[in-house]
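In: coords below, sequence missing:
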């Protein structure tokens, strides 16, 4: 694929951080990032859509806050379990084949969500979706780590995170509107239909990637586990991931329910709230990625994390206010909170060698989703319902998320980049 395999027509890239790198991405590299971002867009919309649909799901299916929290956490817990298994298998396979298999399974799971009719069937469908969709983000980051030089990984991660922003600005509000007007199942059916052509485009565009596969004697399972979870730098990366999830997913799943029950919003006004937040992150995240490359990933991470603490406390103490005021608070919270993910994931991706990156990112995805699921469950258990259906103790959840975010400032400082390795990464272009 032209632009990815730079320098040699055979499709081989001289790896290692010491290799001479272009300041600008090649055309093939840009196309690859955009395809990964498109797939990530679908997975993010599917995952995020459940949260703003919370008021409708509670009303139509008669869910309690704890049951709704389990609907959210079921996806992440299933993704975590699947990611743990995948962490020992992912680096044995071609990245393209693995990516397409996971994305195909994810689309089937999304379709099952749209065909659900009760709490039990939706819970089962979310588990199925999470088993495949939850690993996609980790594998996408592994592909980025393999083909994008270190000096551009902040930019590349920012572009991928723009898929999150676009999903928030367009996908989630439109899906919420479809769910409000035509029933909560409708957006999942539409998303599955729209994801099918993306699958075929990815199959046509993604190159074959086998250069990460280590040939030779097979390493026993127990040794691979020790190398994966016993490596000190890996442990630090996992700890940072857990902290990030507790700094977000104790709060995020319940914001829409809280704003409707406590801040006086109507369900149809959530469209504008999420549109505002999505628009701000859409334009802001690429800027954060470029700033991380220019000024240092750790410095930018710490700066936006401090802002995240302020906005988490603001949104969890939000009282009745005009729609524009609530939209401003939510939008800033979403922008600043999402911004910390860009430098954090760039640092985490760079903390592991290329030969282990696929398995590590799958393991990290597993840790990420397990932590997010546990965090959502912890947040749900801390909440209660008061008179008139109001949500109680959301401010306590905010303090927990803020404390976790502050802990991440220290954890990020202990993370170290992997040593440069002068290896050869083989990227085979598809036949013309």
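Out: Ah, there it is. Please read all numbers here as calculations on a predicted model, not as lab measurements.

In: what ranges does this protein have for its strands?
Out: 12-14, 208-209, 384-385, 391-392, 424-428 (DSSP state E).

In: run through the neighbouring helices and strands of the second one.
Out: Looking back up the chat, that one is strand 208-209. Secondary-structure packing of strand 208-209 (3 or more Cβ pairs under 8 Å, 6 or more residues apart in numbering; DSSP states H and E): helix 95-114, helix 119-147, strand 424-428. C-beta coordinates here come from the backbone N, C-alpha and C atoms, glycine included.

In: what lines up beside that strand in the sheet?
Out: As defined by DSSP bridges, the strand partners of strand 208-209 come to strand 424-428 (antiparallel).

In: the strands of the chain: lowest mean pLDDT?
Out: For the strands of the chain, mean pLDDT drops lowest on strand 12-14, to a mean of 38.

In: neighbours around residue 190, how many?
Out: Residue 190: 18 surrounding residues under other Cβ atoms under 10 Å.

In: now mean neighbour count and distance to residue 162 too, for the helices and strands packed on strand 208-209, in JSON lines please.
Out: What follows is the helices and strands packed on strand 208-209, written out as JSON lines (neighbours: other Cβ atoms under 10 Å; distance: least, Cβ to Cβ, whole Å):
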{"stretch": "helix 95-114", "mean neighbour count": "21", "distance to residue 162": "19"}
{"stretch": "helix 119-147", "mean neighbour count": "24", "distance to residue 162": "13"}
{"stretch": "strand 424-428", "mean neighbour count": "18", "distance to residue 162": "23"}
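
In: nearest to residue 31, of the ones you listed?
Out: Ranking those by proximity to residue 31 (Cβ to Cβ) places helix 119-147 first, at 11.3 Å.

In: what is the rounded mean pLDDT of that closest one?
Out: Computed over helix 119-147, the average pLDDT equals 84.

In: next, give phi and psi for residue 318.
Out: Per-residue torsions, residue 318: phi -70, psi 130 (degrees, to the nearest 10).

In: residue contacts, it?
Out: 258-259, 262-263, 326, 329 (Cβ atoms under 8 Å, 6 or more residues apart in numbering).

In: centre-most residue in this structure?
Out: residue 137 (5.9 Å; Cα atoms, centre = their mean).

In: assess the claim that that residue and residue 40 are in contact.
Out: Yes. In this structure, residue 137 is within contact of residue 40 by Cβ atoms under 8 Å, at 6.2 Å.

In: could you find the closest non-adjacent residue to residue 306?
Out: residue 409 (7.7 Å; Cβ to Cβ, 6 or more residues apart in numbering).

In: can you check residue 389 too?
Out: residue 261 (5.4 Å).

In: burial of that neighbour, as a residue count?
Out: Residues lying near residue 261 (other Cβ under 10 Å) number 21.

In: how many other residues sit next to residue 116?
Out: 18.

In: is it in contact with residue 128, as I believe?
Out: No. With contact defined as Cβ under 8 Å, residue 116 does not reach residue 128; the gap is 10.5 Å.

In: who's in contact with residue 82?
Out: 130-132, 134-135, 366.

In: which pair of those spans the longest distance?
Out: Top of the distance list for those (Cβ to Cβ): 132 and 366, 13.2 Å.

In: thinking again about what came up before, check contacts around the residue nearest to residue 389.
Out: With contacts defined as Cβ under 8 Å, 6+ apart, residue 261 is in contact with 55, 388-391.

In: which of these are buried?
Out: With burial judged by 16 or more other Cβ atoms under 10 Å, the buried subset of these is 55, 391.

In: restricted to helices, list the contacts of residue 261.
Out: residue 55 (DSSP state H).

In: distance to residue 274 added to the contacts of residue 261, as CSV?
Out: Formatted as CSV, the contacts of residue 261 follow (distance: Cβ to Cβ, whole Å):
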residue, distance to residue 274
55, 13
388, 24
389, 21
390, 21
391, 18
